[in-house]
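**Q** sequence and predicted structure are below.
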Amino acid sequence: MIIVLRHGTSQQEVDEIVERLKKLGFGAHISKGTERTIIGAIGDERQVNLEEKISVLPFVEKVIPILAPYKLTSREFRSEDTVIEIGKVPIGPGKFVVMAGPCAVESEKQLMETAYRVKEAGATILRAGAFKPRTSPYSFQGLGEKGLKILVKAREETGMPIVTEALGIEELPLVNEYADMIQIGARNMQNFRLLEAAGRLRKPILLKRGMMSTVDELLMSAEYILSQGNYNVVLCERGIRTFESATRNTLDLSCVPLVKKQSHLPIVVDPSHGTGRSELVPAMSYAALAAGADGLLIEVHPNPIEALSDGPQSQDPIQFSTMMAELKKIAGLKGRTI
């Protein structure tokens, strides 16, 4: 249920509604827009006629039921696009943000070289994994805290904020200590206890769509994070499993305008995992920009042939620089900046 307050409603009146909702057994989530304040009331509406009890207040303009199963994530709850700040980098309308870096931190030399090269090409956020979820237990699993410390050094030297993945609740406090943004990967999209724990932080979260998940399921997973008070969520389309075998996944770019219609949260696209083939990454990156995405997540490695993970889908620095030059042209045509 959404409670729309009249223009000029005081903080005391807002507090009065929040207190009334609590007494009725509802949680209150406040969204302050440029014109009005909206309160999302979350709870079991079968037990009480909330509209009847709230709409009588003189400073309430209207009460609107939210029909979607997700509430705080919905466009009904917040009509304006949400902008998430990662360090000093905004993700949202107008700006097209590129997060780039290797799949995994392999060494200080490898990460520092990549960080400087992607920044030179125009990337504004550095991505790399310190903890790696691998299909095989015998594959490279990441450097752990050592990798996080290398990421921090790269941030200090380049000025780029860093995004890296937490695999579980156990790693979450450690990653939170080092990272500017915490990634929750596709395999964990429906790890609800991890989502709730991430929601209790106030750190921006990059939530990847599950490999076999619908858009509604992605938005419901985001709802878990928002319901705990953390509204700093960026969604990520990274490809889904289909019967197509020519690519690693099928990159569902129709997800972008669909999410934009149904939710106020920003969404970025990962064409590296979406295709699994480096030669396809540029075309899908251009298409993601055209589809209305707020940014990209791109894997870049100084020497993809020697990468310890995901080499076939990684751009080398020259390929990445060429792609970025073309992206800047397209962004200009769309009235956006990189």
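**A** Now that the structure is in, tell me what you want to look at.
**Q** count the neighbours of the closest residue to Pro65 other than its chain neighbours for me.
**A** Among residues not flanking Pro65 along the chain, Met1 sits closest, at 5.7 Å (C-beta to C-beta, 6 or more residues apart in numbering). For the C-beta atoms, the positions are set from N, CA and C on the backbone; glycine is no exception. When neighbours are counted by other C-beta atoms under 10 Å, Met1 registers 19.
**Q** ok, the one 10 residues further on next?
**A** Around Gln11 sit 8 other residues, with neighbours defined as other C-beta under 10 Å.
**Q** over to it: give its phi and psi.
**A** Main-chain torsions, Gln11, degrees, to the nearest 10: phi -60, psi -30.
**Q** and if you look at Asn232?
**A** The phi/psi pair for Asn232 (degrees, to the nearest 10) is phi -90, psi 70.
**Q** now do it against Ile225, distance only.
**A** To Ile225, Asn232 is 9 Å away according to C-beta to C-beta, to the nearest Å.
**Q** let me see the ranges of the strands in the stretch 151-300 of the chain.
**A** 162-165, 181-184, 205-208, 233-237, 267-269, 295-299 (DSSP state E, counting those that start in this stretch).
**Q** would you turn those strands into a markdown table with distance to Pro133, mean pLDDT and mean neighbour count?
**A** As requested, the strands of the stretch 151-300 of the chain are exported to a markdown table (distance: least, C-beta to C-beta, whole Å; pLDDT from 0 to 100; neighbours: other C-beta atoms under 10 Å):
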| stretch | distance to Pro133 | mean pLDDT | mean neighbour count |
| --- | --- | --- | --- |
| strand 162-165 | 7 | 98 | 25 |
| strand 181-184 | 11 | 98 | 24 |
| strand 205-208 | 11 | 98 | 26 |
| strand 233-237 | 15 | 98 | 27 |
| strand 267-269 | 19 | 98 | 26 |
| strand 295-299 | 15 | 98 | 27 |
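**Q** Val83: which of those is closest?
**A** Proximity to Val83 (C-beta to C-beta) singles out strand 233-237 among the strands of the stretch 151-300 of the chain, at 10.2 Å.
**Q** from the chain's centre, how far out does that closest one sit?
**A** On the basis of C-alpha atoms, centre = their mean, to the nearest Å, strand 233-237 is displaced by 3 Å from the centre of the chain it belongs to.
**Q** just the pLDDT at the residue lying closest to Asp81 once chain neighbours are set aside, thanks.
**A** Nearest residue to Asp81 in three dimensions, chain neighbours excluded: Pro93, at 4.9 Å (C-beta to C-beta, 6+ apart). The confidence metric pLDDT takes the value 91 at Pro93.
**Q** ok, back up a step: closest to Glu171 out of the strands of the stretch 151-300 of the chain?
**A** strand 162-165 (8.5 Å).
**Q** send me that closest one as PDB with only the CA atoms.
**A** The C-alpha trace of strand 162-165 is given here as PDB (Å, rounded to 0.1, in the frame of the first residue of the first chain):
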ATOM      1  CA  ILE A 162      35.700  -0.800  -6.500                       C
ATOM      2  CA  VAL A 163      32.900  -3.500  -6.800                       C
ATOM      3  CA  THR A 164      33.600  -7.100  -5.800                       C
ATOM      4  CA  GLU A 165      31.500 -10.100  -4.900                       C
END
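**Q** and stretch 41-56, what's buried?
**A** 41-43, 50-51, 54 (16 or more other C-beta atoms under 10 Å).
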